[in-house]
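Enquirer: Give me coordinates for this.
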Amino acid sequence: MSKEVLATEIGAIDRSNTLSAMSSQFFHLLIIALVIQITSAHSNSSVPLGWSDMCQSVIKDSNVVISCHVNVDDNWDFNHFRNWSAILDNDTRVSVDVICETGASVCLPWPYRARHLDTLKVKDCINRCYFADFNRPEVLEIPDSLRMFEGYGVTEQVNIMDMLSVDLKSLPPDLECGPLLLEVFIYRNTSTDFIYPDGFLPKGNDEITDDFVQTTRDVNKLKHTCNFENMTVFDISQRQDSSSASIYATCVNSRYPKLTMLNFSSTEIQTFPSILLTWKGLKLENLQILDLSHNNISRFDLKGGIQTSDAPIKVINLTYNSIQTISEAEMASFLSPVAHVVDVRHNPLTCDCAMAYFSDFLRRHPTPKDAGLSPDYEYLWDLTCVVPVSKRGKLISQISKKALCYNDVVNAAAHQVYVAILAVAVVVLVVLLLSVLYRDNVKFLLFRNCQNLCGQSDGSKEKINDGRRKDKSLKSTQEKC
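Expert: Below is the predicted model:
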C-alpha cells in the first residue's frame with residue numbers, strides 16, 4: 001500500500017474517532033443541560049410539587065409567601081415542602097399560611113423542621129401526622145429555622161399506639177423541645193382527638209391523670225434544658241384540656257429569658273398556677289403580661305412568690321374568673337412585689353361579711369397612694385357588688401361592715417326561726433301520730449287525768465261504791481219477790 005493511501009486511511013480513522021468523541025461529549029453535555037434545566041425549573045417553581053392545586057405564592061426579593069386553601073379531598077403534606085425547600089437559595093425565607101375547610105386534614109409532623117421555613121400559620125385543620133417524625137432522628141439533621149408558629153382551631157389527631165410507642169426519656173433534646181429559634185408560639189383553641197385501635201379499651205380519667213403526672217415527673221428528670229432564647233410570646237389559650245399540672249409540664253424544663261407575654265386564658269384552670277412564681281429557674285424576668293383570664297380561679301396568693309429578677313410582672317390578668325371575695329391574703333397579694341398590678345375586675349364579687357376586711361381597707365385608704373399601692377390599682381375603689389341582688393352595682397368601698405354583715409345576721413335569725421318552727425311542727429306531728437296509733441290508751445289516760453284534775457276524794461269513791469251496793473241489794477230483793 002502506498003504512503004498516500006495509508007495516510008488517507010489514517011486520516012479517515014482519525015476523523016471518525018474525532019466525530020465519535022465529539023458525539024459522546026455532545027450527548028454528555030446534553031444530559032447535563034437537561035438536568036440543569038429540570039433542576040432549575042424545580043427550584044424556581046413558586047410552590048412545592050403536589051401543592052399546585054391548593055396553594056399560590058407571592059415572591060418578593062428573597063421572601064416567599066405561600067398561601068394554601070385545603071379542601072377535604074386534598075393531600076397537603078409537609079414533606080412536599082421539605083423536598084422543595086431543600087434546593088432553594090441560602091438567603092431565601094419562606095412563610096406558609098394554611099387554612100382548611102371543615103373536615104380537611106394536613107400532614108404536619110412535629111417539630112416542623114424544613115429548610116428556609118421562617119413562618120408557619122395553620123387554621124382550622126386536622127393534623128393527622130403529629131407523631132410521624134418521633135421515630136425519625138434523621139429529621140433533626142434538617143436545620144432549625146422556624147421563627148414564628150401560629151395555630152388556631154387545630155385538632156391533633158393522635159393514634160394512641162403511635163403516642164404509646166414514644167419513650168419520652170429517650171427523645172433527643174431537639175425533638176422534645178421543638179423549634180428553639182421561635183420568637184412567637186401561638187397554639188390557640190386547639191384540641192386532641194385520640195384514635196384507638198379495634199379492641200383497645202381507653203383508660204379512665206383517673207388512669208390518664210396518673211399517666212400525665214408520671215410524664216410530668218419524667219420531664220422534670222430530663223437532664224437537658226429547653227432554652228427559648230428569642231421567644232417573646234407564648235400563647236396556648238382557649239384549650240379545654242389544660243390544668244395547673246400541664247402548665248407545670250410546659251414550664252418546668254424550659255427557659256424564656258425574653259418572654260413578655262404568657263397566655264393561659266380560657267383553659268379551665270381551677271387554681272392559680274403557683275409554679276409560674278415559685279420555680280426558681282424559670283427566668284421570667286422580662287414578663288409583662290401573665291394572662292389567666294376567663295378561667296375558674298377563685299383564690300390567689302402571691303405573697304410567697306419568688307422572682308428571679310428585680311423587675312416584677314407588669315399585669316397578672318385574673319378578670320372573668322370565679323373570685324367571690326377579696327380576703328386578707330388577696331390584699332397581701334396586691335402589696336406583693338411580684339406584680340405591678342393584679343386585675344380582678346369582672347368577677348362575681350359577693351358582698352357579705354367576708355368582704356368586710358376589703359371594704360374597711362378601702363374606706364381607711366381612699367387612694368392607692370394612701371394604701372401604698374401602685375396607681376394602677378385605682379380600679380379597686382370602683383369595684384361593685386354582684387351578689388346579692390339587693391347590693392348589685394353598689395360600690396364596695398362605700399358599704400360599711402354593718403351593712404355587709406346585715407344579711408348574714410338576718411339570715412342567721414331567719415335560720416333560727418325556721419329551725420324553731422320546724423321543731424314545733426315535728427312535735428305536733430309526733431303527738432298526732434301517737435294519738436292515732438294509741439287512741440284507746442289515750443282515752444283511758446285522759447279519763448284518769450280528768451279524774452285527778454276533777455279532784456275526786458276517797459269519800460266520794462266510797463259514796464259511789466255504797467250506791468252501787470244499794471243498787472245491787474235492791475235488785476236482789478226484787479228478784480226474790
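Enquirer: Going C-terminal from the helix or strand hosting residue 96, what's the next secondary structure element?
Expert: Here residue 96 sits within strand 93-100, counting by DSSP states H and E. Per DSSP H and E, strand 93-100 leads on to strand 105-107 as the next helix or strand towards the C-terminus.
Enquirer: any residues touching the strand holding residue 96, and which ones?
Expert: 62-70, 76, 81, 85, 88, 106, 116-126 (CB atoms under 8 Å, 6 or more residues apart in numbering). (Glycine included, C-beta is placed from N, CA and C.)
Enquirer: and those, which are buried?
Expert: 64-70, 76, 81, 85, 88, 106, 116-122, 124-126 (16 or more other CB atoms under 10 Å).
Enquirer: hang on, the earlier thing: got the CA coordinates for the strand holding residue 96 in CSV?
Expert: This file holds the C-alpha atoms of strand 93-100, laid out as CSV (Å, rounded to 0.1, in the frame of the first residue of the first chain):
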residue,chain,number,x,y,z
ARG,A,93,-37.1,32.8,53.7
VAL,A,94,-40.5,31.2,53.3
SER,A,95,-43.8,31.8,55.0
VAL,A,96,-46.6,29.2,54.8
ASP,A,97,-50.2,30.1,55.6
VAL,A,98,-52.7,27.2,55.6
ILE,A,99,-56.4,27.4,56.0
CYS,A,100,-58.6,24.3,56.0
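Enquirer: what is the mean pLDDT for it?
Expert: What strand 93-100 shows for mean pLDDT is 97.
Enquirer: Quickly run through the sheet partners of it, with directions.
Expert: strand 63-70 (parallel), strand 117-123 (parallel) (DSSP bridges).
Enquirer: Mind putting those strands into CSV with distance to residue 232 and mean pLDDT?
Expert: Converted to CSV, these look like this (distance: least, CB to CB, whole Å; pLDDT from 0 to 100):
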stretch, distance to residue 232, mean pLDDT
strand 63-70, 21, 96
strand 117-123, 15, 98
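Enquirer: Quick check: next helix or strand after the helix or strand of the chain with the lowest mean pLDDT?
Expert: Of all helical and strand segments in the chain, the minimum by mean pLDDT, DSSP states H and E falls on helix 3-43, at a mean of 46. The first helix or strand that comes after helix 3-43 along the chain, using DSSP H and E, is strand 55-60.
Enquirer: got a list of contacts for that next one?
Expert: 46-48, 64-69.
Enquirer: Nearest residue to residue 86 in space, please, no chain neighbours.
Expert: Once flanking residues are discounted, residue 86 sits nearest to residue 115: 5.5 Å by CB to CB, 6 or more residues apart in numbering.
Enquirer: Look up how far residue 277 lies from residue 342.
Expert: 12 Å (CB to CB, to the nearest Å).
Enquirer: list residues touching both of the two?
Expert: Contacts common to residue 342 and residue 277, judged by CB under 8 Å, 6+ apart, are residue 302.
Enquirer: Output the below-cut-off pLDDT ranges for the stretch 151-300 of the chain.
Expert: 168, 200-223, 240-246, 249, 278-283 (pLDDT under 70).
Enquirer: Which residues are in contact with residue 263?
Expert: Contacts of residue 263 (CB under 8 Å, 6+ apart): 233-237, 289, 291.
Enquirer: Write the ChimeraX selection for whichever of those residues are buried.
Expert: Buried residues among those (16+ other CB under 10 Å), as a ChimeraX selection:
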select :233,234,235,236,237,291
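Enquirer: Looking at the contacts of residue 263, which is nearest residue 225?
Expert: residue 234 (15.9 Å; CB to CB).
Enquirer: part of a strand, is the closest one?
Expert: Yes: assessed by DSSP: H, G, I helix; E, B strand; the rest coil, residue 234 belongs to a strand.
Enquirer: so it touches residue 255, yeah?
Expert: No: under the criterion of CB atoms under 8 Å, residue 234 is not in contact with residue 255, lying 11.8 Å apart.
Enquirer: which stretches of the stretch 51-200 of the chain form strands?
Expert: Applying DSSP state E, counting those that start in this stretch to the stretch 51-200 of the chain gives strands spanning 55-60, 63-70, 76-77, 93-100, 105-107, 117-123, 126-127, 148-152, 155-159, 184-188, 191-195.
Enquirer: Now tabulate the ones you listed in a markdown table and tack on distance to residue 350.
Expert: Below are the strands of the stretch 51-200 of the chain laid out as a markdown table (distance: least, CB to CB, whole Å):
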| stretch | distance to residue 350 |
| --- | --- |
| strand 55-60 | 54 |
| strand 63-70 | 49 |
| strand 76-77 | 51 |
| strand 93-100 | 44 |
| strand 105-107 | 47 |
| strand 117-123 | 40 |
| strand 126-127 | 43 |
| strand 148-152 | 36 |
| strand 155-159 | 38 |
| strand 184-188 | 32 |
| strand 191-195 | 34 |
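Enquirer: Out of the ones you listed, which is closest to residue 349?
Expert: Within those, the stretch nearest residue 349 is strand 184-188; the backing value is 28.7 Å (CB to CB).
Enquirer: The closest one packs against which elements?
Expert: Other helices and strands packing on strand 184-188, by 3 or more CB pairs under 8 Å, 6 or more residues apart in numbering; DSSP states H and E, are strand 148-152, strand 233-235.
Enquirer: redo that, cut-off 10 Å
Expert: strand 117-123, strand 148-152, strand 233-235, strand 261-263 (3 or more CB pairs under 10 Å, 6 or more residues apart in numbering; DSSP states H and E).
Enquirer: Format these as JSON lines; extra columns: distance to residue 405.
Expert: Shown next, in JSON lines, are the helices and strands packed on strand 184-188 (distance: least, CB to CB, whole Å):
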{"stretch": "strand 117-123", "distance to residue 405": "53"}
{"stretch": "strand 148-152", "distance to residue 405": "48"}
{"stretch": "strand 233-235", "distance to residue 405": "43"}
{"stretch": "strand 261-263", "distance to residue 405": "39"}
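Enquirer: surely residue 89 meets residue 116?
Expert: Yes: Residue 89 is in contact with residue 116 according to CB atoms under 10 Å; the separation is 8.5 Å.
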